[in-house]
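In: 3D model of this:
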Amino acid sequence: MSTTTAATAPAPTHRWWVDRFVTRRLDHYPDTLPRIGYLSIVVLTTIMLYYLYYVEGAVTPRMLPYYHMSFQFFLYLLVVSNAIGAFSAFVGGLSDKIGRANLTIYGTLVVALIQLFAIPHISDKWWFAASYCVIGFVEGVILVSTPALMRDFSPQMGRGVAMGFWALGPTMGALCASLVATNTLDHLYPWQDQFIISGLVCMGVVVISFVFLRELSPQLRDQLMVSDRERALVEARAMGINVETATRHPIRSMMKLDLVSSSIAISLFLLFYYASVSVLTIYWVVTFNRTTSQANGINVWLAASLSIGLVVAGFLSDWARVRKPFMLVGAACAIVMMVFLIHQTGQPHVGYYSNVLVIVLLAVSIALAYAPWMANYTEQVESHNPALTASGLAIWGWILRITVALSFLVLPTVVTTSTVLVDNQNAGATLQAIQAAQPYAPSTSGCSHTNAPASVIAGLQATPLAQPELKTLATVLQACNNTHSLVAALTAGGGLTNEHVQGLLAYQPLATAIQKGTPVSQAEIQSKVGVHSPNLANLLVAEQKLVPAQKTSPDEWKRWWTVCLIGMAIFAVLVFFMRGRWSPRAARRDLEERDRLVSEELARLAREEPAPVG
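Out: Numbers count the residues shown, from 1 in each chain. Next up, the predicted model:
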C-alpha cells in the first residue's frame, strides 16, 4: 500500500482571533474587493516605512551640524546601513516559510518606536548611527516581504500595476519626507520634529495593518497564477501541495544567472535614485545655492513624478502584456535626461524651474523602466519556483543593498569637496548673503543709486553667522534706501568708530581677493579684520576653504552623475538578456494558450470522482 506526503488544506479553526491576529492566514483566495484592500494596506505600510527611512535625507543640512557629523561620516553611515539591509533581506526571504504579514507589521512597529521615542532625544552621532542602522535592518526585511505580499495578491496579468503601486513605497516615502519638510521645516525649526511627525503617522498605519492585514496560506501562495480565471484552479491544487518540499533549499534554488544579472542591472540603473533620496538635497544646496526648503521643493517634484509614472507605466505594460520594450525605452530616455542634468551641473545660475523640468523628465523615464522591471522580475522568479517568491526577491534585495552600499563607499572619493561645503554650510549661507548685498553697498562717494531689495536685507538679518556685523550692514542698506545719504546711513549703523562698521570696511577688500584666488595670509586677516570683528575674520578663513571647493564641486558631481549614466547604459544592454516577450502579439498568443490549458484542467477536475477514503 502506498502513501502520499501531500498536505491537505488546514481546516478552519474555531479560534477566529488566531487566524486573524496571529497566523493571519487566508485559506481561500479573496474576491476582488478584499484583495484590493489587502494590497492597499501593503502599499500604505511600505510608503510609511520609506517615509521614516528617508526623513534624514530631508533634514541633512541641519542634522549634520547638530551632531557635528561630517558629510563623509554620513556617507559611511549610509554604507553600513545599506550593508546591514542587504543581509537582512535574507531574513525577509524566510517569509516563504514563516509568513510575510507579521514580519511587515512588527518590523514597521519597531521603526516607528525608534523614530518617535529614540531619535528626537539623541544628541550623540554614534547613537543616531546605531538607531539608523536598526531602521536599515528592518527596511531590508520589508524590502522583501512587502513585494512578496503584492505578488501573492496579484495575478501576472495585473502584476505591472501592482508592482507600480508597490514602488510607490520608496517614491511616495521620499515625497512625504520632502513635502512635510518643505511645509514645516521653516515653521518647526528643530529638525527633530520631522522624526516625531513621521513616527506618529507610522503608528497609525501600524494599527491599521495589525487589525486588517492578512496573507494567503502557503498552499495558495506557492502557485503560479496568470489571470483571475485561475482562482478555482489554484484553490483546487492547494489541496495537494507539500509546502516543506516546495520551499526546500530556498537561496540555493533561487541563485540563478537570470535573476542575478537582472538584479545587478536594476541596481546599477537606480544608482541615481538612491543618491537622490540621501544626498540630492545636499547637491541642490551646494551646487545651485538653494535653501534647504527649495531643495526639498525640487525633491517633491521628483518624487511626485516618479509616483505617477510608476503606476502609469505598470498599467501600460499590463495592457500591452510585455515588459521589456518599456524597460528599454525608459532606460534610453533616462540616459538622455542624465546628460541634461550633467550639463546643468556646470551652470550654477540655472533657474529653479529649469532644475525642476530636468528632474521631472528624468523621474518619468526611471518610472517607465522600473515598474515593468519589477513585474518582469517576479515573473522570472515564478518561472523557477512560485513557492520561493520571497527568496527570489531576497536575492534582488541583497544585490541592490550591496550595490547601494558600495556606491556610498565610492561617492566620497569622487565628490571630495562636499565634505568641506557641508561642514561649512553656515559660513556658505552667510557669504552668499554678503555677496548678494555687494552691488548695493555704499562706496566712499555715497549710497548706491539702486535700492537694496527687501529680500537682500532680510537675508542679511537671517544669516546664521556674523549676525551683529551683518545686521549692521542691513541697517546701513535700509538707511540708504530711505535717505540716500551716506552720512545718515553710517550714523544709523553706529558711525565710523563702530567696530562692526570698521570690520565690514576691512573685510570687503580681503573677501574680494579670496574670491579672485589671490593669496591672503592668516596674519593679514587677523591684523586687518580680526582686531575689529572675530566673526568676520572667521568667515574669511571659511571662505578660503569654500571658494576652491565651490569651483571644484560641479565637476565632481558631473563625474558621479556620469557613473549613474553608465549604470543606466548597462541596464539597457542587460534588458536584452532578461526573460519575457518583446512582441505584444506573441504575448497575447501565450495568454490564449494558457487560458486553453486552464479551461481543460478545470474541466478535468470537474469530471473527476472524489478519491476514496482509507
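In: Which helix or strand in the chain has the lowest average pLDDT?
Out: helix 231-238 (a mean of 44; mean pLDDT, DSSP states H and E).
In: Quick check, central residue of this protein?
Out: For the chain, residue 277 is the residue whose C-alpha lies nearest the centre (CA atoms, centre = their mean; 3.5 Å).
In: Is that residue in contact with residue 58, as I believe?
Out: No - counting by CB atoms under 8 Å, residue 277 sits too far from residue 58 to count as a contact (9.2 Å). Every residue, glycine included, has its C-beta placed from N, CA and C.
In: List the contacts of the residue nearest to the centre of the chain.
Out: 54, 57, 170, 174 (CB atoms under 8 Å, 6 or more residues apart in numbering).
In: want to throw those into CSV with pLDDT, distance to residue 365 and secondary structure?
Out: Putting the contacts of residue 277 into CSV (pLDDT from 0 to 100; distance: CB to CB, whole Å; DSSP: H, G, I helix; E, B strand; the rest coil) gives the following:
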residue, pLDDT, distance to residue 365, secondary structure
54, 79, 21, helix
57, 73, 21, helix
170, 79, 16, helix
174, 76, 17, helix
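In: So which of those wins on neighbours?
Out: residue 174 (30 neighbours; other CB atoms under 10 Å).
In: Which parts of the stretch 201-350 of the chain are helices?
Out: For the stretch 201-350 of the chain, the helices defined by DSSP state H, counting those that start in this stretch occupy 218-221, 231-238, 243-246, 250-254, 257-269, 271-288, 292-320, 324-345.
In: How many neighbouring residues does residue 509 have?
Out: 12.
In: Could you list the low-pLDDT ranges of the stretch 51-200 of the chain?
Out: 92-99, 155-159, 186, 188-189 (pLDDT under 70).
In: low-scoring stretches of the stretch 251-400 of the chain, by residue?
Out: In the stretch 251-400 of the chain (pLDDT under 70), the answer is 251, 292, 387.
In: What segments of the stretch 1-150 of the chain are helices?
Out: Assigned by DSSP H, counting those that start in this stretch, the stretch 1-150 of the chain shows helices spanning 16-21, 32-58, 60-67, 71-93, 95-98, 101-113, 125-152.
In: And the stretch 451-600 of the chain, by the same measure?
Out: Using DSSP H, counting those that start in this stretch, helices in the stretch 451-600 of the chain cover 454-461, 467-483, 486-492, 499-516, 522-525, 534-574, 584-607.
In: Kindly reformat those as CSV containing distance to residue 113.
Out: Output for the helices of the stretch 451-600 of the chain, formatted as CSV (distance: least, CB to CB, whole Å):
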stretch, distance to residue 113
helix 454-461, 40
helix 467-483, 39
helix 486-492, 54
helix 499-516, 49
helix 522-525, 49
helix 534-574, 35
helix 584-607, 46
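In: By mean pLDDT, show me the worst of the ones you listed.
Out: Out of the helices of the stretch 451-600 of the chain, helix 584-607 stands lowest, with a mean of 68 (criterion: mean pLDDT).
In: residue contacts, residue 446?
Out: Counting by CB under 8 Å, 6+ apart, residue 446 has contacts 484-486.
In: Just the buried ones out of these, please.
Out: Among these, those classed as buried by 16 or more other CB atoms under 10 Å are residue 486.
In: Between the contacts of residue 446, which sits nearest residue 68?
Out: Nearest to residue 68 among the contacts of residue 446, counting by CB to CB, is residue 486 at 42.7 Å.
In: Let me see the contact set for that closest one.
Out: By CB under 8 Å, 6+ apart, the neighbours of residue 486 are 442, 445-447, 480.
In: I'd like those laid out as CSV, including distance to residue 309 and secondary structure.
Out: Output for those, formatted as CSV (distance: CB to CB, whole Å; DSSP: H, G, I helix; E, B strand; the rest coil):
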residue, distance to residue 309, secondary structure
442, 52, coil
445, 57, coil
446, 56, strand
447, 52, coil
480, 50, helix
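In: In PyMOL, select just the buried ones from the residues you listed.
Out: Here is the PyMOL selection string for the buried members of the contacts of residue 486, based on 16+ other CB under 10 Å:
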select buried, resi 442+447+480
